[in-house]
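Colleague: Next comes the sequence, and after it the predicted model I'd like to discuss.
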Amino acid sequence: MSTEQITAPGAPSPSGETAARPGPRTGARSGRGPRSMTTRRAISFYVFAGPWMLGFLALTAFPLGYALWLSLTNSDGLSNNSRFVGLDNYREVFSDPETMSSLARTGVFTAITVPLTIAAGLLLAVLVNQPIRARGLFRTLLYLPAVVPPVGAALTFKLIFDRDSGAANGALDALHIDGVSWLMDPYARWVLVSLTVWGAGNVMIISLAGLQDIPRELHEAARIDGANAWQTFTRITLPLLSPVLFFQVITGIIAAVQSFLPLLISLDPTPKGVTAVPEGNYLFMIHVFAQYFANGRYGYASAMLWVLFLIIIAVTFLVFRLSKGAVFYAVDPEPAAKASRPRTIGGK
């Protein structure tokens, strides 16, 4: 152990010399200390996040609040004679048979299209993940339908399945089969399902990214152990891909219950012609559109939207609860966050 003595700055040392005082901290005087760094980081955060925050307040928070207020009135959207009616609109939502029927159709539509879209996207992702020629070209072609605007896609399907001049009936006519009224019941719902599954390119891209993130060593080890392709897919690929599939289930449900495509492929896609939508395609959002623009019942339609908002939250929460034990995460984020947390002096 050293026998040297520590002397205070400016005090005489045992040898008679005066200890030098430490110089001033330039960082503190120049405004570059810890407090200044924290301030700059906060300013940078608000500069980059500010536009999103303003957009969220103006385009999401305010419309939600205004719709909540409208749902408590009998507003028609035009006159100033609206009055407060309390929860009457919400009582009517749950007592109106037509509203409940449209909600039930939406549930059936969601239960059909979400699994089909995810399965189709996963199948396409597996196919284009194989080492084949022109793989990039196939990926591009299969992804193109996903970037087509919904209005353009709906109009295209409307032309294809037109009763008189559509390509679908043209193909049937070439086979000497009578044409079908595809845009009427009971075929209209299947045209809508086909239109929804046709845009599975988004699911394909996300699934492809998940497939490429799976280590190849696991598949090679499975083949060495004698596992066939199906066993490798069900016991290695699917479990490791479960977080991606779970994300697609959540986003798919949210998108399906808000589907507006039936009105675009209807025979008369106008506010006054909303009743021309076939009964099989008369979904909840179409009924909301009818109440807003055809019937002028802004208060009742706003209550319907708030009910749908609460249903989406409830379904999302239920899916999260049911996913426990079915979704495999390679890394648990909480222990990782705790392990990476820096420790202070003293082990605290």
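Modeller: Now that the structure is in, tell me what you want to look at.
Colleague: How much space separates the nearest residue to residue 144 once chain neighbours are set aside from residue 279?
Modeller: Spatial nearest neighbour of residue 144, chain neighbours left out: residue 201 (6.9 Å); criterion: C-beta to C-beta, 6 or more residues apart in numbering. C-beta here means a position set from N, CA and C on the backbone, and glycine is covered the same way. Look at residue 201 and residue 279: by C-beta to C-beta, to the nearest Å, they are 30 Å apart.
Colleague: Looking at the two, which one has more neighbours?
Modeller: Legend: neighbour count by other C-beta atoms under 10 Å for residue 201 and residue 279, higher for residue 201 (21 against 13).
Colleague: List the residues that contact residue 319.
Modeller: 246, 249-250, 253 (C-beta atoms under 8 Å, 6 or more residues apart in numbering).
Colleague: can you confirm it is in a strand?
Modeller: No: assessed by DSSP: H, G, I helix; E, B strand; the rest coil, residue 319 does not belong to a strand; its assignment is helix.
Colleague: How about residue 284: what's its closest non-neighbour residue?
Modeller: Closest to residue 284 by C-beta to C-beta, 6+ apart is residue 106, at 4.3 Å.
Colleague: quick one: the helices in the stretch 151-300 of the chain?
Modeller: Taking DSSP state H, counting those that start in this stretch as the test, the helices found in the stretch 151-300 of the chain are 167-174, 188-198, 201-212, 216-224, 229-232, 238-257, 261-264, 284-289, 298-322.
Colleague: Nearest to residue 80, out of these?
Modeller: Shortest distance between residue 80 and the helices of the stretch 151-300 of the chain, using C-beta to C-beta, is found for helix 298-322: 12.5 Å.
Colleague: middle-most residue in the protein, spatially?
Modeller: residue 251 (3.6 Å; C-alpha atoms, centre = their mean).
Colleague: residues in contact with that residue?
Modeller: Neighbours of residue 251 in contact, by C-beta under 8 Å, 6+ apart: none.
Colleague: Please report how far it lies from residue 198.
Modeller: Taken as C-beta to C-beta, the span from residue 251 to residue 198 is 17 Å.
Colleague: what does residue 158 give?
Modeller: Counting by C-beta to C-beta, the gap from residue 158 to residue 198 is 13 Å.
Colleague: So for these two, which sits in the more crowded spot?
Modeller: Legend: neighbour count by other C-beta under 10 Å for residue 158 and residue 198, higher for residue 158 (19 against 16).
Colleague: now the angle between helix 188-198 and the helix or strand containing residue 119, please.
Modeller: Assigned by DSSP states H and E, residue 119 falls within helix 97-128. On the basis of axes from the mean of the first three to the mean of the last three C-alpha atoms, to 10 degrees, helix 97-128 is oriented at 40 degrees to helix 188-198.
Colleague: after helix 97-128 comes which helix or strand?
Modeller: The helix or strand immediately downstream of helix 97-128 is helix 135-147, counting by DSSP H and E.
Colleague: Burial check on the closest residue to residue 244 other than its chain neighbours, number of neighbours?
Modeller: In this structure, residue 244 finds its nearest non-sequential neighbour in residue 210, 3.7 Å apart by C-beta to C-beta, 6+ apart. Neighbours of residue 210 under the rule other C-beta under 10 Å: 20.
Colleague: OK, contacts around the closest residue to residue 158 other than its chain neighbours?
Modeller: Leaving aside its sequence neighbours, residue 158 sits nearest to residue 265 (C-beta to C-beta, 6+ apart; 4.9 Å). Listed by C-beta under 8 Å, 6+ apart, the contact set of residue 265 reads 154, 157-158, 161, 183, 188, 191-192, 195, 281.
Colleague: State the pLDDT value of residue 265.
Modeller: Per-residue confidence at residue 265 stands at 83 (pLDDT).
Colleague: do residue 214 as well
Modeller: With respect to pLDDT, residue 214 has a value of 88.
Colleague: Quick check: the nearest residue to it once chain neighbours are set aside vs residue 219, distance?
Modeller: Nearest residue to residue 214 in three dimensions, chain neighbours excluded: residue 240, at 5.0 Å (C-beta to C-beta, 6+ apart). Plainly put, residue 240 is 10 Å away from residue 219 if you go by C-beta to C-beta.
Colleague: I'd like to know how many residues surround the residue nearest to residue 211 when sequence neighbours are not counted.
Modeller: Nearest residue to residue 211, sequence neighbours excluded (C-beta to C-beta, 6+ apart): residue 129, at 5.1 Å. Burial of residue 129 is recorded as 16 neighbouring residues (other C-beta under 10 Å).
Colleague: How much space separates residue 129 from residue 117?
Modeller: Residue 129 is 18 Å from residue 117, by C-beta to C-beta.
Colleague: Would you quantify the distance from the nearest residue to residue 100 once chain neighbours are set aside to residue 291?
Modeller: Sequence neighbours aside, residue 94 is the residue nearest to residue 100 in space, at 7.3 Å (criterion: C-beta to C-beta, 6+ apart). From residue 94 across to residue 291, the span is 15 Å (C-beta to C-beta).
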